[in-house]
Structure formats: structure tokens, C-alpha cells
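> next input, structure requested:
(chains A and B)
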Amino acid sequence: MEIRVDFNEKISNLNNEIIKMGVLVEEALDKSMDSLINMDLDLANKVIVEDENVNNMEVSIEDHCILLIAREQPVAGDLRNLITALKISTQLERMGDHAVHIAKGVIRLQKDNQSGINPLYGMPEMGKLVKNMLQRVLSAYIECNVEEARSIAINDNEVDRIHNEVITEVFENLMNTKSDQQKATTLLFINRFLERFGDHITNICEWIVYSVTGDHVELS
Amino acid sequence: MEVNNNILNLKDLNVYYGDFRAVKDINLDIPKNKITALIGPSGCGKSTVLRSINRMNDLVDDTRTEGEIIFQNRNIYNPEVDAVSLRKQIGMVFQKPNPFPKSISENITWGAKINGFKGDMEQLVEESLKGAALWDEVKDKLDENALRLSGGQQQRLCIARTIAVKPEIILMDEPASALDPIATLKIEDLMKTLSKDFTIIIVTHNMQQASRISDYTAFLMTDENRSGHLVEYNETRTIFINPKNKKTEDYISGRFG
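Residues are numbered from 1 along each chain as shown, chains lettered A, B, ... in the order given. This is a model prediction of the structure:
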């Protein structure tokens, strides 16, 4: 007879919640990047409003984990899984906030520059990269795939490379064309928030390794 | 697992009840002044292992013990070792509190008298009851019958009786399983305190209890012949956070047992 059927089901429900939250964050990232590329203020505002859903999911996942810890006294792999779920929800919530920061940056850019056309340097590419990493890391969590987690974290190097390249290019443009300083600052902020996405995903990769193996690793 | 400062070494321990091999090839090094928990499903041999450590199995007919248990540089199954004096050094506390139907103080002094204790009996009673965290509750009724105490108090009295003869090791066989949760926590706190002066080996079915109080945990289970064997022995934190053996993980997380 299989034992702890109910507990197994609750852990599986918790993992589904993590995936749902991850999909919400992925949508927020998508929309914030679209709003940046198309200077779409409506979409930017939508990202800001919808962040509440992400925040609510974090609270719900936290409550779910706390209740399971209190009622089931999990140990070993179960305990590591629950702690990892808690940690992942925090990372996802931060990523949701960064999507909001990008959206707010879009609104600022629009105010500062009515012409609507901005050079975005490598940022759209970074957006695609981190979106791909986010999709992969959610699957790796569900599949308990340590190798995949390690491989995803390596992609963060490329995110960091583009991030640094954008900084250089924004500065060069500022020096050469005496372009708008305010706009340059906003672009650098957006650049920074995109880079942070990669860091949070790397943290999730580290927690996946912990959940599966019990080892704390540094993948950045 | 390497353990430094051992007080006891079980080497290839096998215990037979008639033809039945109850425990098979157990090798365990028990660290001094630590709490070691033996856990495992019913019938895995953990109580048999515990009882073999002070030769309580000698009292069971048709029992045969092979291998060695080294304590103070000699095998306790060596014919020249006197089991009664061994049990003074390796005491035992049982699942069900079993005070003598005598006064509280007589429960403490009885063993001491038999052992020819010549010191101050009153002092011994007070020290032992304080050591078992019972003194404050009974100091005004030392002449009352011990059976009038609550279950938790009776168990602490049994612990006081055990430490009165100043053993090196205290064996505990499910010492709190007949007690309510608060009395259980008192026993657990007491065990932590006692482990500063004594080595404790406890058999428990309560895995949370093992994870709360013990420093080291040994997990035993039965093989296809129903013989108990050691599956994993490690620091308790490793057993409960990251056990190395899948069977240990399945057992402690309630997937079988």
C-alpha cells in the first residue's frame, strides 16, 4: 500500500502553484519587454497592475509551505523540496518586481522622449535570453534535473556580457551625441533589471541542486 | 562513519533467538557523552541490540550472542565479566515506568544499599532526584509511595534511580512512548542535560523525537530473512536532512514502515 498519498498530492499541488507563479512572471517579463520595444504605455501599466497577482501567489505558496511543515513534519528530501519551493517563490516575486521596474522605466522614457524611438542596444536579446532561462528553470525544478539547472546557470554569463556591453554603448552614445542624460539613465536602469532576472534564475538553479542533492552550491 | 572518543564498540554483533537470527552483523561505534538513537520499523532488532549492550538478553532463554561488544577495553560477553556489575555501569530505563512499590526515597536508596553504598543517603536521594529534574516536585513527599506519582514523574524517578548508581551509559527503550506530550518533552530535556555526564542510547519509534534529541542516529531494518541489520549510521542532522541511503529516506519520510 502506498503511504502518505495525501501529503504527496499536497506537494504536487504546491509544485503546480510554483509553475503557475512562474508563468505569471514570464508573462510579466514578456509584456514589459513588448512595452519597451513598442513604447506601449497601456501594456506597461498592465504589468504594474498585474504584479499584485504575483505577490498574492507568493503569499499563498508561503502559507502552503508553512502549513505543510507544521502539519506533516517533513524531513530529508520532502523538507528540502518545501524549503526550495519557499525560496523559489521569493525569487519569482523579485522577478515580478523587476518587470514592474522595467514597465515604470518605459513610462519614464515616454515622458522624457515624445518622439517614441529609442535605441535599445542588446536589451531585447537579453529579454529573450532570460525568458528562455526562466522557462527552462521551471521545468528543471519539476523534473528535479540537476544537470539542466547547472546548464541554465551557465547562460547567465551571456546575460552579464550583454549587460556590460549595453553599459559601454550607452555611455559611448552619451559622449558622442550628447544625447539625453535622463533617458540614458533610465535605459541603464532597465538594463540592470534585466540582468537581475538572470541572477534570480541562477539562484533558483542553486536551490534545485540543493533540493535534489542536499548540497549548497554557487553557480554564479 | 568515523566516531572519535567512543565509549562502546559493537563488532559483528549477531543475536539469535533459537534458530532465528534477530540481528545480523551489526557494527556500531557509540560516542561518549552523546545521545545515539536507534530507529527502524517494528521487528528490526533495535531493542535486541539495545538489550545486548547490558546483557539483558542473557535473561531470555535460548538466546545466543555472537560478535563482540567492547566496553572499557574488553568484550562484555567475555565469561569473566559479571553481568550484574556490568548493569551498574550500563543502566536501563524501560518503556513503561516501573518504580518499586515503595517510597520515593527508597526507590533511590534501594540499589545503592545493595551495591554497598556507604555515603550520605539523603544527599544521594537529593542529588539523584535533582539530576532527574524531579526534586522540586517531590522534595516534600519523599516518603510517599512512588506509585502515587504521575507517569512522567514515575519515569523521571526511574531515571533518578538509574543515575543514583552512577553508570557510564544509560540505555533507554522507548522511555517516553507511554507519556503525554508535555511529560515527553520533560524527559527529552532531561536527556539533553544528562548527556553531559552520561552516554545515552535510546530506542524510539518517534522519529521527531530522534531528530530533536539525538546527536547520532542508526537506522535498522529487516532483510528477506527478517534479520535486523544496520542500513545507515550517521550524524542525526545528516540522517534527517540528507540521508545517503534511499531506504533511510523512505522510512524517515514515512514512505514505508
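
> and the residue in chain A positioned nearest to chain B, how many neighbours?
Sorted by distance to chain B under C-beta to the nearest C-beta, the residues of chain A start with residue A:214, at 3.1 Å. In short, each C-beta sits where N, CA and C put it, glycine included. Burial of residue A:214, expressed as a neighbour count using other C-beta atoms under 10 Å in any protein chain shown, amounts to 15.

> I'd like the distance between it and residue B:158.
Here residue A:214 is placed at a distance of 39 Å from residue B:158 (C-beta to C-beta, to the nearest Å).

> check residue B:230 too.
28 Å.

> show me which helix runs longest in chain A.
Taking DSSP state H as the assignment, the helix of chain A that covers the most residues is helix A:76-112.

> may I see the buried residues of that one?
Of the residues in helix A:76-112, A:76-110 count as buried by neighbour count, 16 or more other C-beta atoms under 10 Å in any protein chain shown.

> one step back: OK, contacts around the residue of chain A closest to chain B?
Contacts were defined as C-beta atoms under 8 Å, 6 or more residues apart in numbering or on different chains; by that measure residue A:214 touches A:80, B:241, B:242.

> residue B:104: neighbouring residues, count only.
Taking other C-beta under 10 Å as the definition, residue B:104 ends up with a neighbour count of 27.

> just checking, what packs against the host helix or strand of residue A:129?
Here residue A:129 sits within helix A:123-143, counting by DSSP states H and E. Secondary-structure packing of helix A:123-143 (3 or more C-beta pairs under 8 Å, 6 or more residues apart in numbering or on different chains; DSSP states H and E): helix A:5-38, helix A:76-112, helix A:146-154, helix A:156-177, helix A:181-213.

> can I get these in JSON lines including mean pLDDT?
Compiled in JSON lines, the helices and strands packed on helix A:123-143 are given as follows (pLDDT from 0 to 100):
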{"stretch": "helix A:5-38", "mean pLDDT": "96"}
{"stretch": "helix A:76-112", "mean pLDDT": "95"}
{"stretch": "helix A:146-154", "mean pLDDT": "97"}
{"stretch": "helix A:156-177", "mean pLDDT": "92"}
{"stretch": "helix A:181-213", "mean pLDDT": "95"}
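
> can I get those helices in a markdown table with distance to residue B:38?
Converted to a markdown table, the helices and strands packed on helix A:123-143 look like this (distance: least, C-beta to C-beta, whole Å):
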| stretch | distance to residue B:38 |
| --- | --- |
| helix A:5-38 | 26 |
| helix A:76-112 | 18 |
| helix A:146-154 | 33 |
| helix A:156-177 | 46 |
| helix A:181-213 | 27 |
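
> mind checking which of these is nearest residue B:206?
Between residue B:206 and the helices and strands packed on helix A:123-143, the shortest separation by C-beta to C-beta is 16.5 Å, and it involves helix A:76-112.

> Three-state assignment for the residue lying closest to residue B:171 once chain neighbours are set aside, please.
Distance criterion C-beta to C-beta, 6 or more residues apart in numbering or on different chains; nearest residue to residue B:171, sequence neighbours excluded, is residue B:92 at 4.4 Å. With DSSP: H, G, I helix; E, B strand; the rest coil as the basis, residue B:92 sits in strand.

> residue B:92 is in contact with residue B:167, isn't it?
No - applying C-beta atoms under 8 Å as the test, residue B:92 and residue B:167 come out as separate, 9.1 Å apart.

> and the residue nearest the centre of the chain?
No chain specified, so I'll use chain A. Computing the C-alpha centroid of chain A and ranking residues by C-alpha atoms, centre = their mean puts residue A:95 first, at 3.6 Å.

> other chain: chain B
Of all residues in chain B, the one closest to the mean position by C-alpha atoms, centre = their mean is residue B:171, 1.8 Å from it.

> contacts only, for it.
Listed by C-beta under 8 Å, 6+ apart, the contact set of residue B:171 reads B:50, B:51, B:53, B:54, B:90, B:91, B:92, B:93, B:201, B:202.

> and chain B, which residues reach chain A?
Residues of chain B found near chain A, taking C-beta under 8 Å from any C-beta of the partner chain as the criterion, are B:207-208, B:211, B:240-243, B:248-249, B:252-257.

> now the helices for chain B?
Ranges of helices within chain B are B:46-53, B:83-89, B:104-114, B:121-131, B:135-138, B:151-164, B:181-194, B:207-213, B:236-241, B:246-252, based on DSSP H.

> dump those helices to TSV, plus mean pLDDT and distance to residue A:193.
What follows is the helices of chain B, written out as TSV (pLDDT from 0 to 100; distance: least, C-beta to C-beta, whole Å):
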stretch	mean pLDDT	distance to residue A:193
helix B:46-53	96	56
helix B:83-89	93	68
helix B:104-114	91	71
helix B:121-131	94	62
helix B:135-138	95	61
helix B:151-164	94	59
helix B:181-194	92	49
helix B:207-213	94	42
helix B:236-241	96	35
helix B:246-252	95	40
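
> what's the closest of those to residue A:124?
Go through the helices of chain B one by one with C-beta to C-beta and the one that ends up closest to residue A:124 is helix B:236-241, at 43.0 Å.

> with only the CA atoms kept, save that closest one in PDB.
Once side chains and other backbone atoms are set aside, the C-alpha atoms of helix B:236-241 remain, and they are given as PDB (Å, rounded to 0.1, in the frame of the first residue of the first chain):
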ATOM      1  CA  THR B 236      21.400  12.900  13.100                       C
ATOM      2  CA  ARG B 237      21.400  16.100  11.100                       C
ATOM      3  CA  THR B 238      22.700  14.200   8.100                       C
ATOM      4  CA  ILE B 239      20.100  11.400   8.500                       C
ATOM      5  CA  PHE B 240      17.200  13.800   8.700                       C
ATOM      6  CA  ILE B 241      18.300  16.400   6.100                       C
END
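
> off-centre distance for the helix holding residue A:129?
8 Å (C-alpha atoms, centre = their mean, to the nearest Å).

> now swap in stretch A:9-25 and tell me
Per C-alpha atoms, centre = their mean, the displacement of stretch A:9-25 from the mean C-alpha position of its chain is 15 Å.

> ok, residues contacting it?
Applying C-beta under 8 Å, 6+ apart, the contact partners of stretch A:9-25 are A:50, A:53-54, A:57-58, A:60-61, A:64-65, A:68, A:72, A:78, A:81-82, A:85, A:88-89, A:92, A:95-96, A:99, A:134, A:137-138, A:141-142.
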